[in-house]
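A.B. asks: pasting the structure only:
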């Protein structure tokens, strides 16, 4: 059974710090990797996708992928209180498999 | 833009009752999905569809049924509701089976 594992947290960082969110996956055949953000009581929304080994940057967000280690991460630079949410890692082989999410709190 | 619309937003069922969760998308997406999310957990795939007339089971299909008669609509049917089906249900659609657009969710309690 395909698995996607995340530290559930909660993870707390001070405003302006770097938040690091991690995810491991079990299916070596996975080719596509995603980060969704979910505010409390709301639906998930896609914030990053990554397909190749290395880093992909989008504004304050950087996704990192290491297929050999079956590891994907999300870095949030200059964290803001508005970044406080649950971050879901998703991995695609045939259909998306989601991790249980990491709850991030950015403290003012 | 409406995107993915789910109804109802909240519902309380008694054990053994049945209901249909409605989902409509106006983005002409071929792929549609139903997920459930239990507290503190990730999303579990119930059923999905790759186009009108085609549906398939996901990870947790027991106790549910779906149909896809049009591209726009993908209703989820709960038969004989059980307390284990208490959850938040999300419908989603996608044009490429990877980047999903979610509805606002339905919070269902079975008592």
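C.D. replies: Received the coordinates, thanks. Being a predicted model, the structure only gives us computed values, none of them experimental. Numbers count the residues shown, from 1 in each chain, chains lettered A, B, ... in the order given.
A.B. asks: going forward, measure contacts and count neighbours with C-alpha atoms only.
C.D. replies: Fine.
A.B. asks: If we ignore the residues flanking it in sequence, what's nearest the residue in chain B that chain A sits nearest to?
C.D. replies: Shortest chain B-to-chain A distance, computed as CA to the nearest CA: residue-wise this is residue B:42, at 3.7 Å. Among residues not flanking residue B:42 along the chain, residue A:100 sits closest, at 3.7 Å (CA to CA, 6 or more residues apart in numbering or on different chains).
A.B. asks: And for residue A:83?
C.D. replies: Among residues not flanking residue A:83 along the chain, residue A:106 sits closest, at 6.7 Å (CA to CA, 6+ apart).
A.B. asks: List the residues that contact that neighbour.
C.D. replies: Taking CA atoms under 8 Å, 6 or more residues apart in numbering or on different chains, we find residue A:106 in contact with A:12-15, A:79-84.
A.B. asks: just residue B:76 next, same as before
C.D. replies: Applying CA under 8 Å, 6+ apart, we find residue B:76 in contact with B:20-23, B:34, B:64-67.
A.B. asks: Surely the residue nearest to residue B:42 and residue A:9 touch.
C.D. replies: No - with contact taken as CA atoms under 8 Å, residue A:100 and residue A:9 are classed as non-touching, separated by 10.4 Å.
A.B. asks: count of residues packed around residue A:54?
C.D. replies: Residues lying near residue A:54 (other CA atoms under 10 Å in any protein chain shown) number 12.
A.B. asks: ok, what's across the strand from it?
C.D. replies: Judged by DSSP bridges, the bridge partners of residue A:54 are residue A:65.
A.B. asks: Name the SS class of residue A:89, please.
C.D. replies: Using DSSP: H, G, I helix; E, B strand; the rest coil, the structure places residue A:89 in strand.
A.B. asks: Next one: whichever residue of chain A sits closest to chain B from residue A:90, what distance?
C.D. replies: For chain A, the residue positioned closest to chain B under CA to the nearest CA is residue A:100, at a distance of 3.7 Å. Using CA to CA, to the nearest Å, we find residue A:100 at a distance of 10 Å from residue A:90.
A.B. asks: between the two, what contacts are shared?
C.D. replies: Joint contacts of residue A:100 and residue A:90 (CA under 8 Å, 6+ apart) are residue A:4.
A.B. asks: The two: which is more packed in?
C.D. replies: In this comparison of residue A:100 against residue A:90, neighbours counted by other CA under 10 Å, the higher total goes to residue A:90 at 28 against 25.
A.B. asks: Need the pLDDT of the residue lying closest to that one once chain neighbours are set aside.
C.D. replies: Take residue A:90 and drop its neighbours on the chain: the residue closest to it by CA to CA, 6+ apart is residue A:98, 4.3 Å away. Reading off the per-residue confidence, residue A:98 sits at a pLDDT of 92.
A.B. asks: and residue A:98, how many neighbours?
C.D. replies: 25.
A.B. asks: returning to that earlier point: pull the contacting residues for the residue of chain A closest to chain B.
C.D. replies: Going by CA under 8 Å, 6+ apart, the list of residues near residue A:100 reads A:4-6, A:8, A:88-89, B:40-43.
A.B. asks: Which parts of chain B are strands?
C.D. replies: Ranges of strands within chain B are B:4-7, B:10-13, B:19-25, B:31-37, B:43-51, B:54-57, B:64-66, B:76-78, B:87-94, B:101-102, B:106-110, based on DSSP state E.
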